[in-house]
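Quick one: sequence plus predicted model below, questions after.
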Amino acid sequence: MKFLDIGTTGVHASRTALGVMRIADKSQAEANAVVEAALDGGINFFDTADVYADGESSRRFGQSIKDLGVQRTSIVLEIKFGIARDDHGHIVGYDFSKKHLLAALDKELDNLQVDYVDFALLHRPDTLVELDDLADAFQTLRNQGKVHHFGVSNVNPGQIDLLQSALDEKLEVNQLQFGLGHTAMVQQEMHVNMDDSASIDHDGGLISYSRLHRMTIQAWSPFQYGFFEGVFLGSPKFPELNAKLDELAAKYQVNASAIAVAWILRHPARMQVLLGSMTPSRLTQMIAGADVELTRQEWYDLYVSAGNDLP
């Protein structure tokens, strides 16, 4: 397993991480097996959110850590918060108020059975955010020792700058969808000064911004195409991509999923990939991608085989 420093924090983390969104679907014994496979593969970074199965994902994962006897200081824990729900668990908006964030963080600490998290990320933008209130929330959580570092999820550079203008704490992470089935962040970088659809900058130059500000991009849903439209691995909709993945998998003696992971990690932005598989054997296959270093040409060949044009 290769490692990277998250943002400017000095936190040394595995380049693949385990996202536990779907762990609530497993029995406790099955959940323990998933977490154990992640640990055995060298993963030391785990991501969850208060909205995952209404907190059950965090509870199941927290119990796994306890059952497996994992030392708290040996792993890095990250939570996302800031989504508002009704009494039935339905998302009704976003809430970055101090009252909501402090209550949500305390609940997650209880779910995880820990005293602190290493990272807390604002989960999608709240257009009604009151900057002074947010700054007070972050400072309170930092002073209480409950959160060591902060970040965002699915937020563009302008929004980051707005939030950062009020904060003493640097935002170190941005969690974004990225992979061979979701390449818009790199498409617009290459289609500069063109009037085709690939040249449209939807997000304000996220990759360049992140590199300039030493902000770690965490790539979620690395095997999905579109917005949860499906998995491209083995899909008949992507014959050229799967043929290239299989070719390189044979060359590096790994699974095609590992090559898809390696494609993300090859980018010099030094991203981290969030894996969500709840099948230990598949998770192990994906983790192997952290030890594959694709050539420059292999990276571009995969990019083109995914249906992207080079101008």
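Now that the structure is in, tell me what you want to look at. Numbers count the residues shown, from 1 in each chain.

what ranges do the strands span in the stretch 201-311 of the chain?
For the stretch 201-311 of the chain, applying DSSP state E, counting those that start in this stretch gives strands covering 216-220, 224-225, 230-231, 272-275.

Let me know which of the ones you listed is the nearest to Arg15.
Set against Arg15 and scored by CB to CB, the strands of the stretch 201-311 of the chain come closest in strand 272-275, at 5.8 Å. Backbone N, C-alpha and C define where each C-beta goes, glycine included.

What pairs with the closest one, parallel or antiparallel?
Here strand 272-275 has these sheet partners by DSSP bridges: strand 16-19 (parallel), strand 216-220 (parallel).

Please work out which of those is packed deepest.
Mean neighbour counts were compared across those using mean count of other CB atoms under 10 Å; the top stretch is strand 16-19, at a mean of 26.

and the next element down the chain from that one?
Later in the chain than strand 16-19, the nearest helix or strand by DSSP states H and E is helix 28-40.

what about that following helix, average pLDDT?
For helix 28-40, mean pLDDT is 98.

got a list of contacts for the helix or strand just after it?
Counting by DSSP H and E, the next helix or strand C-terminal to helix 28-40 is strand 45-49. Under the contact criterion CB atoms under 8 Å, 6 or more residues apart in numbering, strand 45-49 has outside partners 13-14, 17-21, 35, 38, 57-58, 61, 75-81, 83, 108, 112, 123, 175, 218, 272, 274.

now do stretch 258-269
With CB under 8 Å, 6+ apart as the criterion, stretch 258-269 contacts 2, 15-16, 178-180, 186, 207, 210-211, 217, 219, 222-223, 233, 245, 248-249, 252, 271, 273, 275, 285-290, 292-294, 299, 302-303.

what does stretch 198-206 give?
By CB under 8 Å, 6+ apart, the list of residues contacting stretch 198-206 reads 156-158, 174, 176, 184-185, 187-193, 217, 308-309, 311.

Try it again at 7 Å.
156-158, 176, 184-185, 187-188, 191-192, 309 (CB atoms under 7 Å, 6 or more residues apart in numbering).

before we move on, what about stretch 227-242?
Residues beyond stretch 227-242 that count as contacts (CB under 7 Å, 6+ apart) turn out to be 180-181, 223-225, 256-257, 260, 305-306.

Kindly present the residues you listed as TSV, with separate columns for distance to Ala103 and neighbour count.
Formatted as TSV, the entries for the contacts of stretch 227-242 read as follows, by distance: CB to CB, whole Å; neighbours: other CB atoms under 10 Å:
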residue	distance to Ala103	neighbour count
Leu180	39	25
Gly181	36	24
Phe223	34	22
Gln224	31	19
Tyr225	37	22
Ala256	43	24
Ser257	38	24
Ala260	38	26
Ser305	47	18
Ala306	42	22
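
can you tell me which of the residues you listed are in helices?
Those of the contacts of stretch 227-242 mapping onto helices are 256-257, 260, 305, per DSSP state H.

Next, give me the two most distant ones among those residues.
Within the ones in helices among the contacts of stretch 227-242, two members stand farthest from each other by CB to CB: Ser257 and Ser305, at 15.6 Å.

quick one: furthest residue from the center of the chain?
Here the chain has its C-alpha centre computed as a mean, and the residue farthest from that point, by CA atoms, centre = their mean, is Asp195 with 31.1 Å.

so how far is Asn308 from it?
Distance from Asp195 to Asn308, counting by CB to CB, to the nearest Å: 17 Å.

same check, this time on Trp220
The spacing between Trp220 and Asn308, counted by CB to CB, is 20 Å.

just the buried members of the contacts of stretch 258-269?
Judged by neighbour count, with 16 or more other CB atoms under 10 Å as the criterion, the buried members of the contacts of stretch 258-269 are 15-16, 178-180, 186, 207, 210, 217, 219, 222-223, 233, 245, 248-249, 252, 271, 273, 275, 285-290, 292, 294, 302-303.

Mind listing the residues bridging to the spatially most central residue of the chain?
Closest residue to the average C-alpha location of the chain: Gln218 at 3.7 Å, with CA atoms, centre = their mean. With DSSP bridges as the criterion, Gln218 is bridged to Gln175, Gln272.

wait, it sits on Ser210?
No. In this structure Gln218 lies outside contact range of Ser210 using CB atoms under 7 Å: 10.4 Å.

what are the ranges of the helices in the stretch 201-311 of the chain?
In the stretch 201-311 of the chain, helices defined by DSSP state H, counting those that start in this stretch lie at 206-212, 239-252, 256-265, 280-287, 296-305, listed in chain order.

With mean pLDDT and distance to Ile91 added, can I get the ones you listed in TSV?
Putting these into TSV (pLDDT from 0 to 100; distance: least, CB to CB, whole Å) gives the following:
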stretch	mean pLDDT	distance to Ile91
helix 206-212	96	24
helix 239-252	98	32
helix 256-265	98	28
helix 280-287	98	28
helix 296-305	98	34
